[in-house]
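A.B. asks: Give the three-dimensional model of this entry:
(one chain, ligands or ions: 1)
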Amino acid sequence: MIYFDHNASTPVRPEAREAMAEALAGPGANPSSAHSLGQRARAAVERAREQVAALVGARPEAVTFVSGGTEGDHASVIGMALALEKRGRAIAISAIEHHAVHGAGEVLERIGFRVTHLPVDARGFLDPASVPAAASGHTLVAVMLANNETGVIQPVAEIAARARAAGLAVQCDAVQAAGKIPVDFAALGVDALVISAHKLAGPKGVGALILRDGAPYEPLFRGSAHERGRRGGTENLPGIVGFGVAAECAARELASERTRMLALRGRLEDGIRAALPDTAIHGERAPRLPNTVNASFPGARSDHLLMALDARGVAVSAGAACASGAVEPSPVLKAMGVPRELAVCALRLSMGRTTTAEEVDRVVAAIGESVRAVRGGAAAAAARS
Ligand code: PLP
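C.D. replies: Numbering: from 1, shown residues only. Predicted structure coming up:
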């Protein structure tokens, strides 16, 4: 199989695997224990904290280990909204946020908060001018750095500057950006940033919440003083160690991988366009992640295409959700104003560090064949009905 779904998750790189195996084979001490074995485990956690902090230009003390992007998004959106509750009970979320952020918004709505959704334009871009005024009762803006479906990179620093001027806190989901493009926590000017290990060749089930010094925050998991009181729970030592090593490798390879990915993305898009000139590439006119292509193939439904490609040995994501036979356009493409008939024909192709030019060429050929087969099947079905 050719794996073209790196935005969903990535293979764990050998360096991280080895570090994790070593951590798993160790004495199993708790990093909070006072004995020397516990202290050795603590040192491994702190080393990983430095490695993760370095990837995003943060101080190690700013990093809190969590169980992944979903927890990081919930902890920061809910934790900051609760800490700012006295000032207002409304938050603003960009319309294209990941389910993890929308889910956190739903929890807040459940307890009486108001959640507003900020629109994006046809390029998938959030207009910084849409940041609400403090007088509106909003206390927090959540905006992602790079979208998981289209790869579109948001003007987060500009949005954060406007939000700060209006007295609002800013939460930023950088899960898809970290390891693919440079991420500078201080330069972004946000209060909270979230990243996840399994999107950058680390293990699943571990991530980081990075908080600005003095950021308004109330922990969700309480009861013990782990992670400086920001997240109760014994640390996932092997996961954290693997995350640290993956982050260090990603930082080292960032520039070269970015250049390589951009060349592969160009090859992929040119190849697809040559084979299927009516292809629509979503977010094409905006700055995008170098590894991601979200494209619609008119007349070929996402779910049918995904299966046709799977049968030809290519794993991708559908750009539309399928529930009991019906296909629903993705909320991200909907928010960008992509017409329904085009949005239900979208695929997300996402490459990573294991992707080669030869794989790209084989994927282009498989997409050409699959689109023609699915269109042929759709035409035959229409003729029968
Ligand atoms: N945020 C974004 C943008 C994502 O793409 C994902 C995963 O798909 C998440 C959050 C959730 O991260 P995790 O799988 O680590 O919970």
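A.B. asks: is stretch 38-53 anywhere near the ligand?
C.D. replies: No: counting by C-beta under 6 Å from any ligand atom, the ligand is not contacted by stretch 38-53; separation bottoms out at 13.7 Å. In short, each C-beta sits where N, CA and C put it, glycine included.
A.B. asks: In PDB, please show the C-alpha coordinates belonging to that stretch.
C.D. replies: Taking C-alpha atoms only, stretch 38-53 is exported to PDB below (Å, rounded to 0.1, in the frame of the first residue of the first chain):
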ATOM      1  CA  GLY A  38      11.900   7.900  39.800                       C
ATOM      2  CA  GLN A  39      14.300  10.800  39.400                       C
ATOM      3  CA  ARG A  40      15.800   9.100  36.300                       C
ATOM      4  CA  ALA A  41      12.300   8.900  34.800                       C
ATOM      5  CA  ARG A  42      11.800  12.500  35.700                       C
ATOM      6  CA  ALA A  43      15.000  13.500  33.900                       C
ATOM      7  CA  ALA A  44      13.700  11.700  30.800                       C
ATOM      8  CA  VAL A  45      10.400  13.600  30.900                       C
ATOM      9  CA  GLU A  46      12.300  16.900  31.300                       C
ATOM     10  CA  ARG A  47      14.600  16.100  28.400                       C
ATOM     11  CA  ALA A  48      11.500  15.500  26.200                       C
ATOM     12  CA  ARG A  49      10.000  18.800  27.400                       C
ATOM     13  CA  GLU A  50      13.100  20.600  26.200                       C
ATOM     14  CA  GLN A  51      12.900  18.800  22.800                       C
ATOM     15  CA  VAL A  52       9.200  19.600  22.300                       C
ATOM     16  CA  ALA A  53       9.700  23.200  23.500                       C
END
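A.B. asks: in that stretch, what's buried?
C.D. replies: Buried residues in stretch 38-53, counted by 16 or more other C-beta atoms under 10 Å: 41-42, 44-45, 47-49, 51-53.
A.B. asks: who's in contact with it?
C.D. replies: Residues outside stretch 38-53 that contact it (C-beta atoms under 8 Å, 6 or more residues apart in numbering): 23, 26, 29-33, 59-60, 62-63, 65, 195, 208, 210, 235, 237, 240-241, 243-245, 247-248, 251.
A.B. asks: got it, and stretch 271-284?
C.D. replies: Here stretch 271-284 makes contact (C-beta under 8 Å, 6+ apart) with 123-124, 147, 149-152, 269, 293-298, 319, 333, 336, 338, 342, 346, 360-361, 364-365, 367-368, 371.
A.B. asks: one step back: can you tell me which of the buried residues of stretch 38-53 is nearest the ligand?
C.D. replies: When the buried residues of stretch 38-53 are ranked by distance to the ligand (C-beta to the nearest ligand atom), Val52 comes first, at 13.7 Å.
A.B. asks: Let me see the contact set for the closest residue to the ligand within the chain.
C.D. replies: In the chain, the residue that lies nearest the ligand is Gly69 (2.3 Å; C-beta to the nearest ligand atom). When contacts are counted by C-beta under 8 Å, 6+ apart, Gly69 touches 98, 100, 173, 175, 194-196, 199, 207.
A.B. asks: Just those: which are in helices?
C.D. replies: Using DSSP state H, Ala100 are the members of these that sit in helices.
A.B. asks: Give the next helix or strand downstream of the helix or strand bottoming out on mean pLDDT in the chain.
C.D. replies: Ranked by mean pLDDT, DSSP states H and E, the weakest helix or strand in the chain is strand 320-323, scoring a mean of 67. Note on strand 320-323: by DSSP states H and E, the next helix or strand toward the C-terminus is strand 326-329.
A.B. asks: Please spell out which residues along that next one are buried.
C.D. replies: Across strand 326-329, burial judged by 16+ other C-beta under 10 Å covers 327, 329.
A.B. asks: mind listing the helices in the stretch 251-385 of the chain by residue range?
C.D. replies: Ranges of helices in the stretch 251-385 of the chain, per DSSP state H, counting those that start in this stretch, are 302-311, 331-335, 340-343, 357-384.
A.B. asks: Comparing the ones you listed, which comes out most buried?
C.D. replies: Most buried of the helices of the stretch 251-385 of the chain, by mean neighbour count (mean count of other C-beta atoms under 10 Å): helix 331-335, with a mean of 21.
A.B. asks: what residues does it touch?
C.D. replies: Helix 331-335 has contacts (C-beta under 8 Å, 6+ apart) with 95-96, 119-120, 124, 147, 149-150, 282, 294, 319-320, 340, 343, 346.
A.B. asks: any idea which of these is least confident?
C.D. replies: For the contacts of helix 331-335, the weakest pLDDT value sits at Ala320, with 68.
A.B. asks: Ala100 reaches Asp173, doesn't it?
C.D. replies: Yes: Ala100 lies in contact with Asp173 (C-beta atoms under 8 Å); the separation is 7.1 Å.
A.B. asks: Between those two, which has more neighbouring residues?
C.D. replies: Using other C-beta atoms under 10 Å, the more surrounded residue of Ala100 and Asp173 is Asp173, with 30 against 21.
A.B. asks: what's the distance between stretch 90-98 and the middle of its chain?
C.D. replies: 14 Å (C-alpha atoms, centre = their mean, to the nearest Å).
A.B. asks: packing partners for the helix or strand harbouring Gly103?
C.D. replies: Gly103 is part of helix 99-110, with elements assigned from DSSP H and E. Applying 3 or more C-beta pairs under 8 Å, 6 or more residues apart in numbering; DSSP states H and E, one finds that helix 99-110 makes contact with helix 69-83, strand 90-94, strand 114-118, strand 138-142, strand 169-173.
A.B. asks: and the angle for the fourth one with strand 90-94?
C.D. replies: So the one you mean is strand 138-142. On the basis of axes from the mean of the first three to the mean of the last three C-alpha atoms, to 10 degrees, strand 138-142 is oriented at 20 degrees to strand 90-94.
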